[in-house]
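[1] Curious how this folds, go ahead:
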Amino acid sequence: MKAGLRPKIVAGELPVIAKSPTGIDGLDEVTFGGLPKGRPTLLCGAAGCGKTLFAMTFLYNGAVQFGEPGVFIAFEEHPEDLIKNVGSLSYDIEKLIGDKKIAVDHIHLDRNEVEEAGEYDLEGLFIRIGFAIDAIGAKRVIIDTIETLFGGLDNQAVLRSELRRLFEWLKSKGVTAIITGERGDGTLTRYGLEEYVADCVILLDNRVHDQLSTRRLRVVKYRGTAHGTNEYPFIIDQDGVTVMPITSSGLAHDASTERVSTGIPDLDAMLESKGYYKGSSILISGMAGSGKSTVAAHFADSICGSGQRCIYFALEESPQQIVRNMRSVGLDLQRWVDRGLLRFSARRPNLYGLETHLAAMHREVKEFDPAAVVVDPISALMGAGVPGDVHSMTLRLIDFLKSRAITAVLTNLGGGAADSATTEMQISSLTDTWLLLYNRESNGEHNRQLYLLKSRGMAHSNQVREFLMTSDGIRLREVYVGPEGVLTGSARLVQEAKDRADRRLREQEIERRAREVERRRHEISLQIEALKAQLASEESEISYLNRDVHAREGQLSADRAAMVISRTSNRGASRPSDTRTSRK
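    Residues are numbered from 1 along each chain as shown. From the prediction side, this is the model:
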């Protein structure tokens, strides 16, 4: 039982009603601990709603789980028949009788033999029941059914008095009792009196809607204590009785920051390259043939590949067919089945009601203790109930899985584009991550697209990705935007070919221009070399001229010097002659 549902009582302050646990999954939660201990409880309902099996389950669990022996007083069924009937619930009553933990006593009462004459009392019954209680030290008593005991009485005053006496006597014995009663016409019981003298009244109902039967339970009254007042579906199968309380759908589960891979690297990249949050719920919706089961199978393969267990609830395909189909995309799921890491649970959705499906899932999850669960597809359950009931069932399933930190992948068959995406069961708001697979028609063909509509608590890509199923698994192609928007399939191939041709033309133009530039570079290089040679020639000529000028200037200087010398010499040679002439 969840702590949040227990009534808060400070020990030692006020006396409270002691309770006897039933051991029935869900019922102890609805009643906040069980039935009133040491007091009688009336269990009423129409024929076929499961009163006898319900009462026997209470008695059996008391003997096996809580060490409380019990007595079953039957007015209609013989012990042999009763033992065989409850054998379908895997209850070994004969062994418990042999161990003196259960006593079954049949009291024959024929209504035709009962006449209302004089005083009527139950002293003989009290003695017989008291002997059975004392013989095994019983703490629990079942009386099935009370109508047979009072079938011959018409006096309401006597009837009410004896009913009260019976209930008070059971209280005096200190036993926790369940008294079964047939439902009356417009009343909870046939006489309409039993519910007034009982401390606790539980009503069982068996309804049929659209040819599907659903059993429901309601605690009509429970003196002195709080209790759930809604109607709760319950099932009876080979594992006993299970009640599905809506109140179990709490919001107290932990939120893990650990991540688990989707099994598709490209999809992981869209989720921060890490994948889903552990313990989260993932909805994969899309039309038929969009690849929902394949995405779910990749996740299951990834979980098993990491050494963890996974349960695959298949509601449309057989396990063999799923294993065969996944081989086409490179997944070998059979190896995980052989290693005990993957368990398939396949059943038709209309085999039984929603509550039975939910109870079966609960039990298999508790038994197998997986890290992940796949339900493929959850929308198939629409055939087992109306949308409101399916929504409630899915809510309880998601809450149960989250409370155990189990990552859940639910596939949903639906249609519509991303801007109008919805689910018939209105469960998209219940999930943490929502993937939409969409088949887009273009150029006379269908092409798959993947939309990541939401993923709570993490950054995620908003790109539309083309979805390809290859022999090596699922591949998400980068988005390709053409002149007319996102392109997929052959339209993408045509546009890619056109873009490649345009790109080649541009490359060829660039190459032509590069060659032209190279030719011009070569020509200019030759021109530069010629100009350099011309410049060198001119520089050489200038150098030659400079040397010639310097040579001439040197020669001229030498000649001038020689001339000076020559003139000087001539002047010296003529002076003596002049002297001699003057002397004469």
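
[2] Against His362, how distant is the residue nearest the centre of the chain?
    By CA atoms, centre = their mean, the chain has its centre lying nearest to Ala408, at 1.9 Å. To His362, Ala408 is 13 Å away according to CB to CB, to the nearest Å. For every residue, glycine as well, the C-beta is placed using N, CA and C.

[3] Doesn't the residue nearest to the centre of the chain lie inside a helix?
    No. Assigned with DSSP: H, G, I helix; E, B strand; the rest coil, Ala408 falls outside any helix and is strand.

[4] how much space between it and Leu526?
    Ala408 is 78 Å from Leu526, by CB to CB.

[5] Repeat that for Arg547.
    31 Å.

[6] Would you agree Val374 is in contact with Thr407?
    No. In this structure, Val374 is not within contact of Thr407 by CB atoms under 8 Å, at 9.5 Å.

[7] What's opposite the residue nearest to the centre of the chain in the beta bridge?
    Ser281, Val373 (DSSP bridges).

[8] That one and Gly286: what is the separation?
    18 Å.

[9] before we move on, what about Ala551?
    For Ala551, the distance to Gly286 - CB to CB - is 102 Å.

[10] more crowded one of the two?
    The residue with more neighbours, out of Ala551 and Gly286, is Gly286; 27 against 10, by other CB atoms under 10 Å.

[11] excluding its backbone neighbours, what's nearest the more buried one?
    If the residues on either side of it in the chain are set aside, Gly286 comes closest to Leu437, at 3.2 Å by CB to CB, 6 or more residues apart in numbering.

[12] Which elements pack onto whichever helix or strand that neighbour is part of?
    Using DSSP states H and E, the element containing Leu437 is strand 433-442. Packed against strand 433-442 by the contact rule (3 or more CB pairs under 8 Å, 6 or more residues apart in numbering; DSSP states H and E) you find strand 281-286, helix 292-305, strand 445-455.

[13] buried ones in the shortest one?
    The neighbour-count criterion (16 or more other CB atoms under 10 Å) identifies 281-286 as the buried residues of strand 281-286.

[14] One more: stretch 235-244?
    For stretch 235-244, by 16+ other CB under 10 Å, it's 235-236, 240-244.

[15] ok, now stretch 25-33?
    25-33.

[16] Could you do stretch 93-106 as well?
    Those would be 93, 96-97, 101-104, for stretch 93-106 by 16+ other CB under 10 Å.

[17] for stretch 55-66, same thing?
    55-63.

[18] farthest-separated two in the residues you listed?
    Using CB to CB, the two most remote members of the buried residues of stretch 55-66 are Ala55 and Ala63, lying 13.1 Å apart.

[19] and whichever helix or strand Ala360 is part of, what does it pack onto?
    Using DSSP H and E, Ala360 maps to helix 354-368. In terms of contacts (3+ CB pairs under 8 Å, 6+ apart), helix 354-368 is packed against strand 212-222, strand 231-237, strand 310-314, strand 342-346, strand 372-376, helix 387-403.

[20] how does it look with 10 Å?
    strand 212-222, strand 231-237, strand 240-243, strand 310-314, strand 342-346, strand 372-376, helix 387-403 (3 or more CB pairs under 10 Å, 6 or more residues apart in numbering; DSSP states H and E).

[21] tell me the average confidence for it?
    Mean pLDDT, helix 354-368: 84.

[22] now swap in stretch 282-296 and tell me
    90.

[23] Repeat that for stretch 470-481.
    80.

[24] same question, stretch 164-179
    Stretch 164-179 comes out at a mean pLDDT of 88.

[25] what's the spacing between that stretch and its chain's center?
    Chain-centre distance of stretch 164-179: 48 Å, with CA atoms, centre = their mean, to the nearest Å.

[26] Stretch 352-359 too?
    For stretch 352-359 - counting by CA atoms, centre = their mean - the centre lies 18 Å from the chain centre.

[27] again, but for stretch 508-528
    Worked out by CA atoms, centre = their mean, stretch 508-528 lies 66 Å from the chain centre.

[28] For it, which outside residues touch it?
    The contact list for stretch 508-528 (CB atoms under 10 Å, 6 or more residues apart in numbering) is empty.

[29] C-alpha coordinates for it, PDB please?
    Written as PDB, here are the backbone C-alpha positions of stretch 508-528 (Å, rounded to 0.1, in the frame of the first residue of the first chain):
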ATOM      1  CA  GLN A 508      33.800  23.100 -64.600                       C
ATOM      2  CA  GLU A 509      33.400  26.800 -64.900                       C
ATOM      3  CA  ILE A 510      35.700  27.300 -62.100                       C
ATOM      4  CA  GLU A 511      38.200  24.900 -63.600                       C
ATOM      5  CA  ARG A 512      37.900  26.800 -67.000                       C
ATOM      6  CA  ARG A 513      38.500  30.000 -65.400                       C
ATOM      7  CA  ALA A 514      41.400  28.600 -63.400                       C
ATOM      8  CA  ARG A 515      43.000  27.400 -66.700                       C
ATOM      9  CA  GLU A 516      42.500  30.800 -68.200                       C
ATOM     10  CA  VAL A 517      44.100  32.400 -65.300                       C
ATOM     11  CA  GLU A 518      47.000  30.000 -65.500                       C
ATOM     12  CA  ARG A 519      47.500  30.700 -69.200                       C
ATOM     13  CA  ARG A 520      47.500  34.400 -68.500                       C
ATOM     14  CA  ARG A 521      49.900  33.900 -65.700                       C
ATOM     15  CA  HIS A 522      52.200  32.000 -68.000                       C
ATOM     16  CA  GLU A 523      51.900  34.700 -70.700                       C
ATOM     17  CA  ILE A 524      52.500  37.500 -68.200                       C
ATOM     18  CA  SER A 525      55.400  35.500 -66.800                       C
ATOM     19  CA  LEU A 526      57.000  35.300 -70.300                       C
ATOM     20  CA  GLN A 527      56.300  39.000 -70.800                       C
ATOM     21  CA  ILE A 528      57.900  39.700 -67.400                       C
END
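
[30] ok, now which ones touch the residue nearest to the centre of the chain?
    276, 279-283, 372-375, 378, 394, 397-398, 400-402, 431-432.

[31] Kindly report the same for Asn439.
    Counted by CB under 10 Å, 6+ apart, Asn439 has contacts 286-291, 415, 445-449, 467.
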